[in-house]
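Enquirer: I'd like to go over a predicted model; first the sequence, then the structure.
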Amino acid sequence: MRPEFKGPLILVAAMLCYSAMSALVRVAGPIVPSVEVVFFRAIVGLPFLYWLARRNGVALTGQRKGLLIWRGVFGTLAVICFFHALMGIPVANALLLNQTSAVFILPLAVVFLGERVSWAHALFVVLALLGVALIVKPSTDAIEIHALFALGSAVLAAVALTMVRKLTATESSLTIVFWFSSIIALITLPMMIPVFVWPSPKMWAVLIGMSLLGTFGQVLMTLAYRYSEAGKLAVIGSMGAVFGAGWDWLLWAHIPDLYTVLGGVLVITACAVIQTMRHKKSRQQK
């Protein structure tokens, strides 16, 4: 198969894995505390990541340990917020709101990476935020707290991804992911012990499947960007929300309303354009 087709197809598989992982998180939500789900998400995949690194001759010690730790801390907080969001809102909504990290990366890239933002970037940021408003549907009565957690996960993920951009200059993708998973396990272990619930055999299968799907999704995403450019894959990365809507329908008979669909189109379009413009600008600078 030609490389230009491999990247998109592999990324579609990665998004399918992520959406299925998110659906299993929501299945576990009413029974297992969210912090326990986050712990299992990290710990089950660590042996596989270690084996993969050894197989490819990748050193996991890391050269920039301080930045790896901070990336892990912000990434852990992002995962905790995202998993908590899945406990209360549909999978597609959580994935759509989490995808807005591309919007929040812009001001961070200006401050920490010295990038410039054009008026076109600003316009699509406004469109993305309009889409967020349609998805969240804030009213004078109340705002869905789980939707705010999803937005919080996007902000925290933007900080973590900004650090990843710096780390990729010196670190392997496997090293970054291994440190990330290890820090998640270390942070959530003491938080999990007081609220630990022993899973039933069925729930063990859900938690293990959720963790393996998340790990496979990370590996597949890394592989996809090896075969294709980030700008070309920007729109395909939005397939996670589409798959999420499918899981919502299959498992909970939930169909998104018109406002959510319109908001999703705005978020997906705006974030894809922002990612594409940033990637083209990065290539021109190189």
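Expert: The structure has been received and is ready for your questions.
Enquirer: for this structure, where's the lowest mean pLDDT among helices and strands?
Expert: helix 101-112 (a mean of 69; mean pLDDT, DSSP states H and E).
Enquirer: and the following helix or strand past that one, what does it pack onto?
Expert: Where DSSP states H and E defines the elements, the next helix or strand beyond helix 101-112 is helix 119-136. Packing partners of helix 119-136 (3 or more C-beta pairs under 8 Å, 6 or more residues apart in numbering; DSSP states H and E): helix 91-98, helix 101-112, helix 145-167, helix 258-285. No exception for glycine: its C-beta is placed from N, CA and C like everyone else's.
Enquirer: which one of those helices lies closest to A122?
Expert: helix 101-112 (8.6 Å; C-beta to C-beta).
Enquirer: winner for burial among the helices and strands packed on helix 119-136?
Expert: helix 91-98 (a mean of 28; mean count of other C-beta atoms under 10 Å).
Enquirer: how far is that helix from where the chain is centred?
Expert: Helix 91-98 has its C-alpha centroid displaced from the chain centroid by 10 Å (C-alpha atoms, centre = their mean, to the nearest Å).
Enquirer: relative to helix 119-136, how tilted is it?
Expert: Helix 91-98 and helix 119-136 are oriented at 150 degrees to each other (axes from the mean of the first three to the mean of the last three C-alpha atoms, to 10 degrees).
Enquirer: ok, residues contacting helix 91-98?
Expert: Helix 91-98 has contacts (C-beta atoms under 8 Å, 6 or more residues apart in numbering) with 18-19, 22-23, 26, 82, 85-86, 131-132, 135-136, 146-147, 150-151, 153-154, 157, 240-242, 244-245, 247-248, 256, 260, 263-264, 267-268.
Enquirer: between the helices and strands packed on helix 119-136, which gets nearest to G217?
Expert: G217 lies closest, by C-beta to C-beta, to one member of the helices and strands packed on helix 119-136: helix 91-98, at 12.0 Å.
Enquirer: run the angle between the closest one and helix 258-285 for me.
Expert: Using the same axes, to 10 degrees: helix 91-98 against helix 258-285 is 40 degrees.
Enquirer: in the stretch 151-286 of the chain, where is pLDDT below threshold?
Expert: In the predicted model, the stretch 151-286 of the chain carries pLDDT under 70 at residues 225-235, 278-286.
Enquirer: list the contacts for the residue nearest to L127 when sequence neighbours are not counted?
Expert: Computed as C-beta to C-beta, 6 or more residues apart in numbering, the closest residue to L127 that is not its neighbour in sequence is A270, at 4.3 Å. Applying C-beta under 8 Å, 6+ apart, we find A270 in contact with V103, F124, V125, L127, A128, G131.
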